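Chemist: fold the following, please.
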Amino acid sequence: METRSYVRLDAVGLAGGLRAGRLCGNAVLAAARRRMAEVDPGLQAICEHFDPPLRAEVASSDQPAGPLTGALAGVPMLIKDLHCAVAGRPTANGSGFPAAPAAQNSTVVDRYLHAGAVLLGRSHSPELGGTSGCESRHQRLSTRNPYAPGLSSGGSSGGAAVAVATGIVPIAHASDAGGSIIIPAALCGLVGLKPSHGLVPLGPERIEGAGGMAAQNALTRTAADAALALAVAANRPDLATPAPLAGRPRIGLVLQAADGGATCDAIAGRLAALAERLAALGLDVAETRLPPITPELSEAERRVRLASLAATVAAMEQAAGLSALPGHFEPATWARIEAGRKVTGADVLAARETILAYRDRVLACFATYDLLLSPALNAAAPEPGTLSLMRPDHETGPRNRDYTCFARPWNLTGFPSLSLPLIRDPRNRPEGALFAAAPGSDALLLSLAAWAEASIGWQHDHLTTVYQSQRKSSP
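Modeler: Just a heads-up that it's a prediction; the model follows:
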């Protein structure tokens, strides 16, 4: 199979061809590896290669005779290097901690394998997913943006985004506790769906992350693949085929971030132009605002995140029978770990009450609107090093805010959100349009994605670009 043919097929097309016997599994895998060799040395998307790749059937390195089966039959994929366990392999989450090998796969990994996916390796993520960039000292990687290789891919699912945007794989596992699906999807021109809280399990050893603010799913190039990926990961076959977008959905246009900070005028203007186009296509659009994120709520969020990080490291220590040391982690991460160890159980429970009260206030917005639309980001892609965990939080916090401010409410509430590549900046670089819906309305977002792709459309510019190698150096 030629590489150019491979990269232009989405997962739905690949799986259909492999099930019907029109495509050869070995040829598909070889094409994925060739594309990886063209992309990864320059953009640094992958931190671990599985050799041989992980399959549900591993008795032979040769492709089984006859057509493959399963919703993801023979489709090459990557899993994110963050809390996603593979039996027999350590998961250090991008850190230098000597993690113990996992006893079993994460539930989501088993679901991919059961559906027939071929897992090629792990995509790069910053240490413990702790920033909106994608750099790590331990991995000595700095994942770059395919549209501007001198800039960041965004994070924390940056490696996954680059691998999909450049055609290494059509689907890559991703996760999101503070915009980690939304940010790189927007910067790399992808479909990024953060599902409703609890819809996709990570498990079995880790049930939820970030005190309920984290979600598991994937990044894709097409709406059809977004539906397929969620159907497999959630074990919900009914989600695999989105229903037509019904009626005249009411869309609330949100141009002011809930934290009250300034919105980039240029980005707001481009989103307002998109809103006008949506209205012209028959959607009902009116400007609105989200309930504000107060200082009290911000402090509650901070405490839950710090406590969750400390608990994550404690679990890593227990599994390995070792104590974490400052040298195992980047400076900002270690400072957060120490702060998290001081948060009490009573602090966490009080903080959760504050967060849940905010969730109820946001839920009231969906009595008026079916969907809310905002920018995905408040700034263009950052330069490498800008958001590094080698720098203290007081330096990186204001810039991180530019990338998390519009995604943040949907992590706090656990409501589903979706970045679609519907707008671009004057340099023709992608900017995401962020849609959100009420809890459990993931199917509505998938229907919207399919409608938007058919009605407006988007393109992928770097499926055949070859990138020059960059020296791997510590961020």
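Chemist: and the gap between Arg277 and Arg111?
Modeler: Look at Arg277 and Arg111: by Cβ to Cβ, to the nearest Å, they are 37 Å apart. C-beta: built from backbone N, CA, C; applies to glycine.
Chemist: who has more neighbours out of those two?
Modeler: Comparing Arg277 with Arg111 by other Cβ atoms under 10 Å, the one with more neighbours is Arg111, at 20 against 14.
Chemist: and the pLDDT for that one?
Modeler: pLDDT recorded at Arg111 is 97.
Chemist: my read: it touches Ala231, true?
Modeler: No: the criterion here is Cβ atoms under 8 Å, and Arg111 misses it with Ala231 at 9.9 Å.
Chemist: quick one: average confidence on stretch 184-200?
Modeler: Regarding stretch 184-200, the rounded mean pLDDT is 97.
Chemist: how far is the lengthiest helix in the chain from where the chain is centred?
Modeler: The residue-count maximum for a helix in the chain (DSSP state H) belongs to helix 295-320. Here helix 295-320 is found 20 Å from its chain centre; the criterion is Cα atoms, centre = their mean, to the nearest Å.
Chemist: quick one: buried residues of the helix or strand that it is followed by?
Modeler: Moving toward the C-terminus from helix 295-320, the next helix or strand (DSSP states H and E) is helix 331-340. For helix 331-340, a neighbour-count test (16 or more other Cβ atoms under 10 Å) marks 332-337, 339-340 as buried.
Chemist: which ones are touching the residue nearest the centre of the chain?
Modeler: Centroid check for the chain by Cα atoms, centre = their mean gives Ile181 as the closest residue, at 2.4 Å. Residues near Ile181 by Cβ atoms under 8 Å, 6 or more residues apart in numbering: 157, 174-175, 192-194, 215, 217, 219, 419.
Chemist: switch the cut-off to 10 Å
Modeler: If you count contacts by Cβ atoms under 10 Å, 6 or more residues apart in numbering, Ile181 has them with 80, 156-157, 160-161, 174-175, 190-195, 215-219, 407, 417-419.
Chemist: pLDDT score for it?
Modeler: The per-residue pLDDT reported for Ile181 equals 98.
Chemist: same thing with Gln468?
Modeler: So, for Gln468, pLDDT stands at 80.
Chemist: any idea how far Ala437 is from it?
Modeler: 41 Å.
Chemist: neighbour-wise, which of the two wins?
Modeler: Per other Cβ under 10 Å, whichever of Gln468 and Ala437 has more neighbours is Ala437, with 23 against 8.
Chemist: surely the more buried one meets Leu371?
Modeler: Yes: look at Ala437 against Leu371 with Cβ atoms under 10 Å: they come within range, at 5.5 Å.
Chemist: quick check: neighbours shared by those two?
Modeler: Residues within reach of Ala437 and of Leu371 at once, by Cβ under 10 Å, 6+ apart, are 249, 418, 444-445, 448.
Chemist: nice, that's everything, thank you.
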